[in-house]
Structures are given as C-alpha cells and as structure tokens.
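1. Fold the following.
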Amino acid sequence: MAKLSEQEMLEALKNFDTPSITNVVATYPSNPLCLKLYEPWRQNWYTDTSLKCMYPEIGRLVGYAVTVVYGEPDPWYKGPTMRDLIAAMGQSKQPTVVVAKQVFGEDIKNKVGLAGGNMCGMFKAAGAVAFMSDGPSRDLDEVRPTGFQYMLTGVCAGHGDMAIHAINVPVNICGMDVAPGELIHMDENGACKFPADRLEDVLNNVTQLQKNEAASMGRVSSLKNAQEVLDWMDERAKQVVPEA
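-> Sure, this is the predicted structure:
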C-alpha cells in the first residue's frame, strides 16, 4: 500500500473521535497501542469541561496550532497586529487552528465577545478550520453556516477595545497546554493535542485500536447475563486491553 501523504493522514484522523485519539496518545499507558506521549493526568494535553463545542454537527477536525494572546490595550506596548496573525497563519502548515488565550481582567473576562463573523471569515480564508479560546466569543448565527468551528467557554454579545499581546507563544487553553505547530484534534467531546511529528504513529495506532474495539463491542453485544459479563472481563484482563 502506498504511503499516505501528510494531508491524507490528517484527513484520515477525522475518521476517529477525540476520545479514541486520547486513548492512543496517553490515556492507557499499559496498552501496547498507547504511545505514552504524556503523563495522563498532570501534563495538560487535553481540554477540561470549561471548553464547549459550539457546532457539534460539524464533526471531527484536526489542524496545526497557531497561538495568539488577546487582552486589553496597553498604552506602553504596541504589540503585534491582526496582519501579523494572518501572516503567521499563512506561514504555518495547513490547516490551522487559531488558539486564542484571553488575559482580560476578572471584572470583564466573561464579557468579551472576542471573535465574530468577520474575524472568523478572515481566519477561514487564511486556512483555519476552527477558533479555540478560553473565553467567550459571539456571532454564532453568522459563523454557523460557514462550517468553521468555535470551541469556547461560552458566548456573549459585545466587547470593548482589545489588542493582540503575542503571537505563536505557548498558551494554556482550558486545561490544555498548546505550543505553536502542535496538532490539535477536536470534536464535541473537547480537544487534545500531540506533537506533529507523531502524526503517522497516532494514525496507525488509532486505526488498530478501532479494529480491536469493534471486535470487543461485537462480543459485548452478545452477552446475555452477569456471568457472561464476568467471563468476558476475565478474558479482557488476559489480553491487556483497557476498559473504555
């Protein structure tokens, strides 16, 4: 079989949900198919409950992280501009995910409708498939029909003056540490990340895991009573296959 191109592998990853990706990235280190890229609990490689998928109907997406930090304008600091952010997206591998850290004050952080229809339109044109942020955004009705994904903590209607503080720096978004260029896989369950140079490994292992789980689920569907469930659990323990 011909070796898949990078873009073909990215497309193939959309055949799997994000929990399946986490299973081979780090969730089950005792499983031979787990790559053990992170310590599962403490290394901040997937998002927590604060991140919400605004358009679950879009399904699974994957892209390279382009990070940006937004906050209130600082009269003493003239930082990067939107032009710089779009240029960084153009220089990134494609497709991209715009990962936006919000550093607004406690009194306004839940009132920042950061991104909207126009901004997301520019991001999509520049190669992004999603906007992910640890704060709110707006214009759900405008963005929805474009097929561009919003991963946010919530929504609100307005905002005040805002400024970009930094581009392509490490950020933490809803429990997930993200560095520029890392791959992010997302769906209605949330998001996880992994190093871009492990793309082929992740795809190969999640493909095999899905085959294993399909066989397992077929067996489970045939069970008829508690004793058969116990017998099946004993079989699983011998196979070193994680329960999920």
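2. make it CA atoms for all contacts and neighbour counts henceforth
-> Fine.
3. where's residue 231, which helix or strand?
-> Per DSSP states H and E: residue 231 is located in helix 226-239.
4. CA atoms only: put that helix into CSV for me.
-> Extracted in CSV, the C-alpha atoms of helix 226-239 (Å, rounded to 0.1, in the frame of the first residue of the first chain):
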residue,chain,number,x,y,z
ALA,A,226,-23.9,-11.1,34.6
GLN,A,227,-21.9,-14.3,34.5
GLU,A,228,-21.2,-13.9,30.8
VAL,A,229,-20.0,-10.3,31.6
LEU,A,230,-17.7,-11.6,34.3
ASP,A,231,-16.3,-14.2,32.0
TRP,A,232,-15.7,-11.6,29.3
MET,A,233,-14.0,-9.3,31.9
ASP,A,234,-11.6,-12.2,32.7
GLU,A,235,-10.8,-12.6,29.0
ARG,A,236,-10.1,-9.0,28.7
ALA,A,237,-7.8,-9.0,31.7
LYS,A,238,-5.6,-11.7,30.0
GLN,A,239,-5.4,-9.6,26.8
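5. For residue 213, see how far away residue 227 is.
-> 21 Å (Cα to Cα, to the nearest Å).
6. between those two, who's got more neighbours?
-> Higher neighbour count among residue 227 and residue 213: residue 213, with 16 against 10, using other Cα atoms under 10 Å.
7. so that one sits in a strand?
-> No: using DSSP: H, G, I helix; E, B strand; the rest coil, the assignment for residue 213 is helix, not a strand.
8. and it, what pLDDT?
-> pLDDT for residue 213: 75.
9. Contacts only, for it.
-> For residue 213, the contact set (Cα atoms under 8 Å, 6 or more residues apart in numbering) is empty.
10. Adjust the sequence numbering to begin at 46 for everything that follows.
-> With the count now opening at 46, the last piece we talked about shows up as residue 258.
11. how many neighbours does residue 234 have?
-> Neighbourhood size, residue 234 [other Cα under 10 Å]: 17.
12. before we move on, what about residue 242?
-> Counted with other Cα under 10 Å, residues neighbouring residue 242 total 11.
13. Likewise for residue 60?
-> For residue 60, using other Cα under 10 Å, the count is 15.
14. How about it, nearest residue that isn't a chain neighbour?
-> residue 105 (7.7 Å; Cα to Cα, 6 or more residues apart in numbering).
15. and the one you found, how many neighbours?
-> Counted with other Cα under 10 Å, residues neighbouring residue 105 total 21.
16. Would you agree it is in contact with residue 235?
-> No: taking contacts as Cα atoms under 8 Å, residue 105 lies outside contact range of residue 235: 10.0 Å.
17. Mutual contacts of these two, please.
-> Common neighbours of residue 105 and residue 235 (criterion: Cα under 8 Å, 6+ apart): residue 63.
18. how about the strands in this protein?
-> In the chain, the strands defined using DSSP state E lie at 97-98, 106-116, 141-147, 173-178, 181-182, 194-197, 199-200, 208-212, 216-218, 221-223, 228-232, 235-239.
19. How many residues are close by residue 87?
-> By other Cα under 10 Å, the residues close to residue 87 number 8.
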